[in-house]
Every structure is written in C-alpha cells, then in structure tokens.
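1. missing the sequence, but the structure's below:
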C-alpha cells in the first residue's frame, strides 16, 4: 500500500516532469536566433518608465493625446502583411530586414536622447512634442520589421526531421511548435524582466536629483538602449553561423550542397508574389499619410476602418489556402482574440494618479514592472499544460474573469482602501503593498492568450506562406490594440483626468483633477469582462465555433 508521502512525492515528480523537464527536453539550439530577436523586442521596456516620466515632466499633453498617439504607434504593425509576404519571397535574404529594423530603432532612441539632454539644434527643426511623436512612431516601425523576420525564423527553427533523418511524428512536431512559440513569448517577457531589474538600479535615488542631473540620467538610459538593436543583429549573425554549420554537416553525411541548402527552404513550389498583399500595404500607407497629414476630423477612426477593411480582404485571400473547417475555426478564433485584446485600458491618468497621489516614484514603478515580468515568465511555464489542453475560447473566458477580479484592487486604491488597510495592519498593507500583491497575481495573464493562437498558425499555415500567414493574422489581432487605443481615448475624453502642469516660472497652467478617475476604472473593468465573454458565447453558438 502506497503511503500518502510517497503519493505526494510521485505527484510532485509528475508535475515537475510536465512543467519543467518536458520543456527542457524540447529545447533546440536552432531556437536561439529568433529568441534573441524576441528578447530584444521585450527589452524595449528599458525606456518605458523613463518615457512615462519624460511625458509627465516635459510635455504639456493630455491623457487623450497619449492614447491617440498610441493608436498611431500601433498602426505600423498592420504593415506586417506586405512585410511577411516579402519575407516569404526573399526567404534566403530575409535577415537583411533585421538591419533595417535595427536602424529605425536606434534612430528613435537617439532622438529621445537628444530631447532628454536638451540638444540645442532639435528645437530649430521641430518642437519637443513633434520630435517625441517622431521617436514614438519610428520605434514600432523598426520592431515590426524585425518581428516579421523573427516569426519566419521561429518556423524555420523547428526541425523537420529526427537526428537520424526520419520525419518527425505529427505529435512531436506540434509539441515543438508550441514550445517554440511559448519560448518566443518567454524571450519577450525575459527581455522585459532584465530591463526592469536594470531600471531599478538606474532609477535608484533619482527622485532627489536636481532637474539637470535627472535629465542626464534619462539621456544615459536612452543611450544604453542602443544595445537592444545590437542584440537583434547578433541573433541574425548566429543564425547564419548555425546554417553554415548545418549545411557542412549534411554535406559530410552525403548530401550535395544544393540538397543541403534546400533543407532551409519552404516545401513545395517557389512562392509567387501575390499583389494583394503589397497593394493592400500600399493603400494602407497612402491612406494613413493622407488622412493623418490632412488633420481630417475623425482621422484615427477613418484609418482604423480602412485598415480593418484591408486586413479582412487579405485574410479572405489567405484562408482560401485552408480547408473549410479549419478556415471557419480560424475566423472564430481570431474574432475571440481580437475582442479580448480590443478592450480599453485605463490610460495614462491612472499612472499619473499613482505618481501624484499615491507617491509611486520611478524606482517603485520599475519594481512593479520587474514583478510583472518575472511572474509572467513563471506563469507561462506553469500554465503551459493548461494552454495545451484547453481551447482558446476557454482560456479567454478564464483570463477575462481573472482580469475583472484583479482590477478591483486598483479601483480600491483610488477610493482609499489602502488608508483603511494600513490603519488595520499598523502600516503594513499600504498602497505599495496592495500594488505589489495585485501586480504579482495579475502578471501572467497578458501573454497567455496569444500562445495557443501562434502555435495554431505555426502548425496549420501552408508551408510556403508561413511568414505571410503569421503577418496577416498578426495584423488582424494587432489592430485590436489600435481598437483598444481608440476605446481608451474615448473613455478618457468622457471621463477627463488631468495632472498638474507648471510653467517654467512655477505657475500652474493645468490643475490636477482626478475626480472622474474612479468611474473610468469601473467602466474599463466592466467592459474587460463583459465584451470577451459575450463574444465567446456568440462564436461558440455559430458555425465559427472553435475547439482548438
């Protein structure tokens, strides 16, 4: 008869094997290059805290303006459509796009360095706000170029055969694709974790520094951020070394150079250029520039509607390559993910409240970012078996309910619950304690919903159109972030939140007003839960029902 101790030990070993050991078994050396590019994308968070304080301290702009700028900054991700197709067309030369992306990212950081250190020549060209807008828009352009290549590299990184040359079993191939996509998200969050830890050190004692020294520290952080594009370039160089070594090994085993090189190309016929993807991308660029530069009323709404029309047209072209049942399931899955990601956020006003009223400084916000990043990594590992066994619809239901519950502490902080808890616990459970606990519990939720979707695409996309498939589906789901920015802007226009803005002589030009913030937080919480749950119910009772 087995004792309870032996039973618990066996359960622990089984859990450890499923959660950790199995993941380690599936690691491949070929996974590293795309993971380095994903890591660099996650490391862009190095400038997130300094960016927040730069806006608050040096720019006289509203929360609605910041939300609107976030909308424009999210639109370059719709360009993954032509970029993804371009990657499929220039498969063997796709690494060159990484260098272009790195140059755009570096330019963004250099502009912000100039703004933070008050470079003399910048105001002669553009206003501080104008330069800030340029920098904010350049960075996502660089990241989207690199992301399109990294997606293609993540597919290429999964081997097609066993070490003895026999084809991989479908179950093994599915597991490897899921692991690759999980590790891709892991690398993203890992990059965020590293830079959050770095921010804690960089911001140590900064609140006591005079304005000039503080600006110098901000500038140093933007210079340090230039390491990020270097990491992406290193990933490309490593991929090239791996490829040459693999080709050399295959030649030593009896393959010709042509046969060995072909192992790195997609299966099937050569990819033919489909003008729809480039035409759609060109229309998107022309429409965005025309509407944006004309300063037309409702320009963001016009661009969003046009972008959605273009992406839906290209999705229709793409799903023709799938079997009807898979096409319907993909559409249903994409709609669920879209609505889940399109729910509004609190906006910059909530952060301003934390800084001005709750007294959260740069270093403490960096601690919160670190907690978020580290626990997201842990959550992704622990919840990986759930992602493999639950459908995307089930995962969205769980995450939506959890997000609603976890918004309650933030609402409570606005209404002063920390004053009551601190009094009851001798000052232990104060505002910072509540923020840390809430962040710790909430952390793993954000990235989880995307992993099953990415793994599904990697498994089911036509072999010759992997990058195109990734790009079009990513453009659709990323448009959800633009929809989220629009919804955030609308709510911040209805519930107006302002921070105190002072002129150089100390005169208050805009008084602080957080009276509407409470209703804003409550409204966001209700929409966060209700919209995804209603969407899942509708989809699962329609022909678009998804079980994957």
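-> Sure, I can see it. Everything quoted here is computed from the prediction, not taken from an experiment. Numbering: from 1, shown residues only.

2. The closest residue to residue 152 other than its chain neighbours - how many residues pack around it?
-> With CB to CB, 6 or more residues apart in numbering as the criterion, residue 152 has its nearest non-adjacent residue at 3.9 Å, and that residue is residue 467. The way it works is simple: take the backbone N, C-alpha and C, and place the C-beta from them, glycine included. Around residue 467 there are 30 other residues, counting by other CB atoms under 10 Å.

3. Give the buried residues for the helix or strand that contains residue 467.
-> Using DSSP states H and E, residue 467 sits in helix 466-494. Residues of helix 466-494 classed as buried by neighbour count (16 or more other CB atoms under 10 Å): 466-489, 491-492.

4. Sticking with the nearest residue to residue 125 once chain neighbours are set aside, tell me its helix or strand.
-> Excluding the flanking residues, the one nearest residue 125 by CB to CB, 6+ apart is residue 131, at 7.7 Å. Residue 131 is located in helix 128-157, with elements delineated by DSSP H and E.

5. go on, residue 519?
-> Residue 519 belongs to helix 517-540, assigned by DSSP H and E.

6. swap in residue 123?
-> Short version, using DSSP H and E: residue 123 is in helix 122-125.

7. Please apply the same query to residue 273.
-> Going by DSSP H and E, residue 273 is not in any helix or strand.

8. That one: neighbour count?
-> Per other CB under 10 Å, the neighbour tally for residue 273 reads 11.

9. Could I get the contacting residues of it?
-> By CB atoms under 8 Å, 6 or more residues apart in numbering, the contact list for residue 273 reads 85, 89.

10. do that again at 6 Å, thanks
-> residue 89 (CB atoms under 6 Å, 6 or more residues apart in numbering).

11. rewinding a little: who are the neighbours of the helix holding residue 467, in terms of helices and strands?
-> Helices and strands touching helix 466-494, by 3 or more CB pairs under 6 Å, 6 or more residues apart in numbering; DSSP states H and E, are helix 63-74, helix 80-89, helix 128-157, helix 299-319, helix 324-342, helix 450-460.

12. okay, those in TSV with mean pLDDT, distance to residue 54 and mean neighbour count next?
-> Formatted as TSV, these follow (pLDDT from 0 to 100; distance: least, CB to CB, whole Å; neighbours: other CB atoms under 10 Å):
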stretch	mean pLDDT	distance to residue 54	mean neighbour count
helix 63-74	76	12	21
helix 80-89	78	28	25
helix 128-157	85	8	22
helix 299-319	82	23	18
helix 324-342	84	27	20
helix 450-460	67	29	21
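
13. Residue 189: which of those helices is closest?
-> helix 450-460 (11.3 Å; CB to CB).

14. low pLDDT regions in the stretch 151-300 of the chain?
-> Low-confidence segments of the stretch 151-300 of the chain (pLDDT under 70): 160-168, 170-171, 173-175, 207, 263-271, 289, 292-295.

15. which residues in the stretch 151-300 of the chain form helices?
-> Assigned by DSSP state H, counting those that start in this stretch, the helices in the stretch 151-300 of the chain fall at 170-202, 211-224, 227-252, 257-262, 275-294, 299-319.

16. and those helices, which is most packed in?
-> Across these, the average number of neighbours (mean count of other CB atoms under 10 Å) peaks for helix 170-202, which reaches a mean of 21.

17. Residue 255 and residue 28: what is the separation?
-> 20 Å (CB to CB, to the nearest Å).

18. same question, residue 261
-> 20 Å.

19. Equivalent analysis for residue 137, please.
-> 36 Å.

20. pLDDT value on residue 525, please?
-> Turning to residue 525, the model gives it a pLDDT of 91.

21. Quick check: it touching residue 407?
-> Yes. Taking contacts as CB atoms under 6 Å, residue 525 lies within contact range of residue 407: 4.0 Å.

22. so residue 116 touches residue 221, yeah?
-> No. With contacts counted by CB under 6 Å, residue 116 stays clear of residue 221, the gap being 8.1 Å.

23. where does residue 513 fall, phi/psi-wise?
-> Per-residue torsions, residue 513: phi -150, psi 100 (degrees, to the nearest 10).

24. Name the nearest residue to it, sequence neighbours excluded.
-> residue 498 (4.8 Å).

25. re earlier: need the helices and strands packed on helix 466-494 in CSV (columns: distance to residue 213).
-> As requested, the helices and strands packed on helix 466-494 are exported to CSV (distance: least, CB to CB, whole Å):
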stretch, distance to residue 213
helix 63-74, 26
helix 80-89, 41
helix 128-157, 19
helix 299-319, 38
helix 324-342, 40
helix 450-460, 40
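
26. Out of these, flag the one nearest residue 390.
-> Closest of the helices and strands packed on helix 466-494 to residue 390 is helix 450-460, at 8.1 Å (criterion: CB to CB).

27. Residue 354: neighbouring residues, count only.
-> Count around residue 354 with other CB under 10 Å applied: 21.

28. let's number from 49 now, not from 1
-> Will do, 49 is the new start, and the previous item becomes residue 402.

29. now it, what's its secondary structure?
-> helix (DSSP: H, G, I helix; E, B strand; the rest coil).

30. got the contact list for it?
-> Residue 402 sits next to residue 408 when contact means CB under 6 Å, 6+ apart.

31. Quick one, grab the pLDDT at it.
-> For residue 402, the model assigns a pLDDT of 80.

32. ok, now residue 567?
-> 93.

33. State the distance from it to residue 351.
-> 29 Å.

34. Centre of the chain to stretch 176-193, how far?
-> Centroid displacement of stretch 176-193 relative to its chain, using CA atoms, centre = their mean, to the nearest Å, is 16 Å.

35. I would like the residues contacting that stretch, please.
-> Contact partners of stretch 176-193, identified using CB under 6 Å, 6+ apart, comprise 89, 107, 117, 121, 124-125, 127-128, 145, 148-149, 152-153, 155-156, 159-160, 163, 170.

36. Show the buried residues in those.
-> Looks like those have 89, 107, 117, 121, 124-125, 127-128, 145, 149, 152-153, 155-156, 159-160, 163, 170 buried, using 16+ other CB under 10 Å.

37. circling back: and the gap between the residue nearest to residue 173 and residue 537?
-> 22 Å.

38. now residue 246
-> Residue 246 is 31 Å from residue 537, by CB to CB.

39. rewinding a little: for residue 411, find the nearest of the helices of the stretch 199-348 of the chain.
-> Of all the helices of the stretch 199-348 of the chain, it is helix 218-250 that lies closest to residue 411, at 5.9 Å by CB to CB.

40. Please give the centre-to-centre distance between the closest one and its chain.
-> Using CA atoms, centre = their mean, the distance from the centre of helix 218-250 to the centre of the chain it belongs to is 11 Å.

41. now the angle between helix 176-205 and it, please.
-> Angle, helix 218-250 to helix 176-205, by axes from the mean of the first three to the mean of the last three CA atoms, to 10 degrees: 150 degrees.

42. what helices or strands is helix 218-250 leaning on?
-> helix 80-90, helix 410-430, helix 498-508.
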